[in-house]
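**Q** below: sequence and its predicted model.
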Amino acid sequence: MRAHAPARHSPFLQALVGVGVLLLAMLLAVGAWLIPSDAGYGGVGPNFLPWVVAIALGICGIVLIRKARRSGFLHMGDHDGEHPYWPGFAWMSAGMLLNAALITRIGFVLSCALCFVLAARGLRSAQAHSSGRPKSWLIDSLVALLIAAPVYWMFTKFLGINLPGLTDSGWL
Amino acid sequence: MEALDIWGHLLQGFATAGTPVNLLWAFVGCALGTAVGVLPGIGPATAVAMLLPITTQVEATASMIFFAGIYYGAMYGGSTTSILLNTPGETATMVTAMEGNKMAKSGRAGAALATAAIGSFVAGSIATVIVTLFAPVVADFAVKLGPPEYFMLMLLAFTTVSAVLGQSTVRGLTALFVGLAAGLVGMDQITGQVRYTGGVPELIDGIEIVLVAVGLFAVAEAMHAVLFEGKLVETENRMSRVTMTVGDWKRSIPAWLRGTAIGAPFGCIPAGGTEIPTFLSYATEKKLARGEHQTEFGAKGAIEGVAGPEAANNATVTTALIPLLTLGIPTSNTTAILLGAFQNYGIQPGPQLFTTSASLVWALIASLYIGNVMLLVLNLPMIGLWVKLLKVPRPQLYAGILIFATVGAYGMRQSAFDLFLLYGIGLVGLVMRRFNFPTAPVLVGMILGPLAEAQLRNAISIGEGSAWIFLQRPMSLALLVLVVSVLLVPRLVQWVARKRLKASNVIS
């Protein structure tokens, strides 16, 4: 069920994907050009596969652009037409990037809990219900700690995997 | 290998897999696998990838048994979701959803779940017997293959995974080459030359598989959910008692066996993917149905349409372990990550695996038998428990997945840099998901790429610098012809069909 009319897949965005692939191919080609070609006895050096990949991706990029301009990509998935909901995405991105920036400072448990709360907030607002209420913030924070803390203990205590903590106790 | 040898090895395997600790690992793996199979938004590939850091601590046999349990359990759990939830799931269970959903809507969810679980057990067990009997034979044969043949086999895997299975050849190939490019980053295995690191020291060891898998699947899935799925309303079908009538059994048993017969060969060849065998099985069942049963297809829901594809799915997934273990060739996302897990232990799957790591391999095979029994128990009497997982609210589910993604990404190398990289890979995955690029070729390309490159260079060394070596050896020439025909035949058929259509239009 959709709340609004389906959006159309824009041919411009499809072409942009093709351009992205083409740019990646060029980048790879530059890299391949910098790799020495000393093939030794084998006849095929370390720069051979990089060239193959760069050229093949270049061809793929061109074909993708051509397809986008002619008929558009065929066989797209089921959820094609939905309009993207950017505010929710921003919340989630903030959660993930803050997590990356803070994990070594405030420890795994708090950092992941923060990521959880922000991402959940974004997902709730995408569903457009009970997102702003203080109660849902509280529930999310509690659930976040209830997931993050046991996960932290399980991985550090039982499996011996190093995850950063706020203290050296190994519990937080 | 003699039959008696196999029997002896298998018993040894049961002895290893049957220790309390390993049984516990198998059980936890099966339970976790069922859970991730039931939960939307996370599959076996993601789950195994997130847990790859345990390979640094846990002993090889235990963790491979654990991963195999997840791999297996997810197949059982996936059918529960596709029968009870009215949303398109992953491709492996799409066919089950077609009839299973219809059955559930007409109040027969229980029978659909039962035939799926028992069918998975029957097919899984038969396929495990096939693995037991044939893997050693294939390994014996594979010892005789040289680098040219191996390279061609890998080329075949690349082509089938990227060009044949997806809906768009160009997008499949693009995904494959992106994966190959990712595999190039780091130190070249043969010359020690550093490639594409851009001076970042973290990249000399290459890009971690965990990052790519978790980024492409878990993070991209969460991003896709928040961007596009907020307004999607899910409905759940009503559960009914999980039993089958005598009539259901009579209709299911032949369907299970046919499904297994269709599915098992597909796993053995380096083509992978469960889409083709499950669809074939569905089409077969529909064609063979007569009278009243035939009218149930697409209307009330026919039990054969669940039993057959579900069996085919499990048979394919199980026999896919043959190319993985004997040739070291993965043909799906999950087997690619399993290969990565082996590599983390410094073990290279291939024909030698059966001699160098015999106890590991046989314990793994024995654990498949044990896992199947565990899963049958987990999925029949305890099904009600798993169904509750469907009630987990989406915001908390996806946010929780991000916590586990952090564990996987950070736990592998203890580097916050990897978490930023994870976000970036998630963005790439989002674009791929949005424009319907397949993900399996990326993983297969990234993991198999460096191995294929080494085989290529060894092969050309054998040919004293000449690529003619690939044409001079009969086996490699045959494989090359196969690769070319896999790429060209579908196109030729299309072209001829179009020509004929044009011709007939002109005449009429």
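**A** That came in fine, so what should we check first? In this text the structure is predicted, and so the values were computed from the model without any measurement. Residues are numbered from 1 along each chain as shown, chains lettered A, B, ... in the order given.
**Q** so where is chain A shaky, pLDDT-wise?
**A** A:1-9, A:38-43, A:75-82, A:129-132 (pLDDT under 70).
**Q** how about 80 then?
**A** A:1-10, A:37-44, A:71-83, A:128-133, A:168-172 (pLDDT under 80).
**Q** any idea how it splits into domains?
**A** Here the domain parsing of chain A from automatic domain parsing is A:11-70, A:86-158.
**Q** give me the number of residues near residue 143?
**A** Because you didn't say which chain, this covers chain A. 19 (other CB atoms under 10 Å in any protein chain shown). In this view, the C-beta of every residue, glycine as well, is placed from N, C-alpha and C.
**Q** oops, wrong one, chain B.
**A** Residues lying near residue B:143 (other CB under 10 Å) number 13.
**Q** and it, what pLDDT?
**A** Residue B:143 carries a pLDDT score of 88 in this model.
**Q** show me where pLDDT drops low in chain B?
**A** Applying pLDDT under 80 to chain B picks out residues B:1-3, B:41, B:86-94, B:163-167, B:230-235, B:269-273, B:275, B:490, B:504-508.
**Q** on that earlier part again, could you dump the domains of chain A to CSV with distance to residue B:316?
**A** As requested, these are arranged in CSV below (distance: least, CB to CB, whole Å):
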stretch, distance to residue B:316
domain A:11-70, 28
domain A:86-158, 33
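**Q** tell me which of the ones you listed sits nearest to residue B:359.
**A** domain A:86-158 (24.7 Å; CB to CB).
**Q** quick one: terminal-to-terminal distance for the closest one?
**A** Distance across domain A:86-158, first residue to last, is 39 Å (CA to CA, to the nearest Å).
**Q** does it come close to chain B?
**A** Yes: residues of domain A:86-158 contacting chain B under CB under 8 Å from any CB of the partner chain: A:86, A:88-89, A:91-93, A:95-97, A:99-101, A:103-104, A:108, A:111-112, A:115-117, A:119-124, A:126-128, A:140, A:143-144, A:147-148, A:151, A:155.
**Q** among those, which lie within helices?
**A** A:86, A:88-89, A:91-93, A:95-97, A:99-101, A:103-104, A:108, A:111-112, A:115-117, A:119-124, A:126-127, A:140, A:143-144, A:147-148, A:151 (DSSP state H).
**Q** pull out the buried residues from those.
**A** Buried members of these, scored by 16 or more other CB atoms under 10 Å in any protein chain shown, are A:88-89, A:91-93, A:95-96, A:99-100, A:103, A:108, A:111-112, A:115-117, A:119-124, A:126-127, A:140, A:143-144, A:147-148, A:151.
**Q** and the domains of chain A: which comes nearest residue B:296?
**A** Per CB to CB, nearest to residue B:296 of these: domain A:86-158, 36.1 Å.
**Q** closest one to residue B:158 among the domains of chain A?
**A** Nearest to residue B:158, of those and by CB to CB, is domain A:11-70 at 11.0 Å.
**Q** check whether the closest one comes near chain B.
**A** Yes: using CB under 8 Å from any CB, we find that domain A:11-70 touches chain B at A:13-14, A:17, A:20-21, A:24, A:28, A:31, A:35-36, A:38, A:40-46, A:48-50, A:53, A:56-57, A:60-61, A:63-64, A:67.
**Q** filter the residues you listed down to the buried ones, ChimeraX style.
**A** The ChimeraX selection below is limited to those of the residues of domain A:11-70 next to chain B classed as buried (16+ other CB under 10 Å):
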select /A:14,17,21,24,28,31,35,42,44,45,46,48,49,50,53,56,57,60,61,63,64,67
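**Q** of the residues of domain A:11-70 next to chain B, which belong to strands?
**A** Using DSSP state E, no member of the residues of domain A:11-70 next to chain B falls in strands.
**Q** take the residues of domain A:11-70 next to chain B and keep only those in helices.
**A** The helices, defined by DSSP H, take in A:13-14, A:17, A:20-21, A:24, A:28, A:31, A:48-50, A:53, A:56-57, A:60-61, A:63-64, A:67 from those.
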